[in-house]
Structure formats: structure tokens, C-alpha cells
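>>> Sharing a model prediction with you, sequence too.
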Amino acid sequence: MEDIRQTVGWKNHLAHKGWKTVRIKTADGKHSVQVFILRVGWWPLTMLKLQRSNYDPDFKELKRIKRKYRVVSTAIEPVRVQNPAAYKKAGYHLTRFPFLAMSTYIDDLRKSEKELWTGLSENARRLVNKNKKTVIEGTDPETFCREWQKCAKIWIMPPKEVEELLEGFGGKARLVVSRVGKEYHSGLIIIYSKDTANYLQTWTNEAGRKSGAHYKLVWEELRRAKKAGLKYFDFEGVYDERWPQKKWKGFTEFKRRFGGKLVHYPGSYFKTL
């Protein structure tokens, strides 16, 4: 799987937020990964993050880059760790406070549509069928964020940031909503990497919670990704006991009902200086 954080689209997205992207070699010398660097306040110091790489970094190369950009804190959140001893030798340790979710559900889109359908929970299939007349359609950043703001209790992405995200991914990201009549019920930002559809940001309002329209929306996006030839659908984060966010349990149950495989990541490796 190609994670979105190792794509050009994500590089473009973070550039709008002031992050600089640098590519470094991996430990095996056969690949390269992108790391992101951000200046800390007004000080000539920076922080660095390397996220969702399938390969260990070349720690000597990483050290050189950190010196060049005066990095004072580094977080590495890999898909897997190939050589734990190398992390330890370089001074990196697991932290209890990751930037990214440490677990997710991933659906295998190489299955037939029938297999995907039977993989849904009974309740999920019932709600998809209940919403047969619910409209699933694309929308624009202003509409998406306006409806998102109505039901948000915390921070949301402003329209300008959503617009920049879409531009950065150049056609590999879209906004989709569910609608019953003229009333919106839910929304989703979905991003595509080389082989994966990624469930990035979402919202459901009170009407949507009653109708279950988001089940129809997600099912249609699974079907759409499969028809586009993608191999995986990544739900981008669920509850994990290693970082117990109780408020995540609700949407974790929602995502579980789509029958994906539960995948655990190693966590966040951190180092100061």
C-alpha cells in the first residue's frame, strides 16, 4: 500500500501549511522517503516528522538532514519497523502521544463486490438498503465546510484549506456528501494514493445520525474505489488501547461494520535533538 503521507499530493498539502519536504535514503539504500520539516515559531529551529514509510530511514542521512535544518524534535511513525535495534541505537524511543492513529481498518477491494457486501455487518447492510433513495454526490469546499460547521463541536478545516488540499492532490481527492431531498446528512473527504482510497475527514449531522445515510455514502465510495481499480480502502484511524481516546469508540464501531481487517502500526518513535 502507498500511504498518502508519502505522496506528492501530501507534500503539496503540507507546503500550504509551511512545511518543507526533503527526501532521504532508506536503510536498504534501494528506496527514498519524504520527511517534513517545520520551523518552530520565530526561532531558527525546526521539528521533523517521517510518517507511514514501509522502510527504515538511513539514520546517518537523517542525522545529516537534522543538522542542516537545526531540527530539535523528530517523530517517526512507520508502517513497520525493519530493524528495532537501529532505532534504539539512533536514540529513538516510543512515545505515548502519537501524531497519527496507531490502528485502522482496511478493506481489501480485490474481493468481489458480493464478498465486500457480505462482509458488512447486518446492521450496515440494513442501513444501506434503507437509504436506497439517498443521493450521494460530489460538492464544493464552501458547501462542504458550511454543513460541517453546523454540526462540529471542535476544529474543522476552513474552506480555503480544503480547496488547497484538493488542488494539491490534483484530481486525486474529492468531497462527497449524502443528501435526502434538499437536506445534507453527512460528508466525507476522500483521498486516493496509487492503490488506496483514504477516508480522511468526515461529518454527520443529527439528521444523518437518524437516517444512517453515511452507511450508504461509504458503501458507494467503496464501490467507486473498486471500480477505479484501487486495491484498498483505508478508514484512517480507529480506537487503540495504547492511546485510549474514548471519544473514538463511536466511529470505530461504525468503521468496524464495513468488514475490513484491523491493522496495528508500531506507534510514534520520538527523539529530542
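It's in. All values derive from a computational prediction rather than experimental measurement.

>>> When you work out contacts or count neighbours from here on, use the C-alpha atoms and nothing else.
Fine.

>>> Confirm residue 23 sits in a helix?
No: Residue 23 sits outside any helix when classified using DSSP: H, G, I helix; E, B strand; the rest coil, being strand.

>>> Please, which helix or strand holds residue 14?
Taking DSSP states H and E as the definition, one finds residue 14 inside helix 8-15.

>>> which parts of the longest helix along the chain are buried?
Counting by DSSP state H, the longest helix found in the chain is helix 213-227. Of all the residues in helix 213-227, those buried under the rule 16 or more other C-alpha atoms under 10 Å are 213-219, 221-223, 225-226.

>>> Just name the closest of these to residue 32, please.
Checking these against residue 32 with C-alpha to C-alpha, the nearest one is residue 225 at 27.3 Å.

>>> helix, strand or coil for the residue nearest to that closest one when sequence neighbours are not counted?
Using C-alpha to C-alpha, 6 or more residues apart in numbering and skipping the chain neighbours, the partner closest in space to residue 225 is residue 197 (6.4 Å). Recorded secondary structure, residue 197: strand (three-state DSSP).

>>> Residue 197 and residue 188 touch, don't they?
No: when contacts are counted by C-alpha atoms under 8 Å, residue 197 is not listed as touching residue 188 (11.8 Å).

>>> Looking at those two, which has the bigger crowd around it?
Remark: of residue 197 and residue 188, residue 197 carries more neighbours, 31 against 23, as counted by other C-alpha atoms under 10 Å.

>>> For that one, name its beta-bridge partners.
Beta bridges link residue 197 to residue 192, residue 233, judged by DSSP bridges.

>>> ok, it to residue 190 distance?
To residue 190, residue 197 is 7 Å away according to C-alpha to C-alpha, to the nearest Å.

>>> Same check on residue 16?
19 Å.

>>> again, but for residue 213
According to C-alpha to C-alpha, residue 213 and residue 190 sit 17 Å apart.

>>> With residue 42 instead?
Distance from residue 42 to residue 190, by C-alpha to C-alpha: 34 Å.

>>> same check, this time on residue 183
In terms of C-alpha to C-alpha, residue 183 sits 21 Å off from residue 190.

>>> okay, these two: which has more neighbours?
Set residue 183 next to residue 190 and count neighbours by other C-alpha under 10 Å: residue 190 wins out with 21 against 11.

>>> quick one: low-confidence parts of the stretch 101-250 of the chain?
Counting by pLDDT under 70, not a single residue of the stretch 101-250 of the chain qualifies.

>>> At which residues are the strands of it located?
103-108, 135-138, 173-180, 183-192, 196-204, 232-234 (DSSP state E, counting those that start in this stretch).

>>> Tell me which of these lies nearest to residue 80.
Nearest to residue 80 among the strands of the stretch 101-250 of the chain is strand 103-108; the distance by C-alpha to C-alpha comes to 12.2 Å.

>>> Neighbouring strands - and their directions - for that closest one?
When pairing is defined by DSSP bridges, strand 103-108 lines up against strand 232-234 (antiparallel), strand 261-264 (antiparallel).

>>> quick check: angle from it to helix 213-227?
Relative orientation of strand 103-108 versus helix 213-227 (axes from the mean of the first three to the mean of the last three C-alpha atoms, to 10 degrees): 50 degrees.
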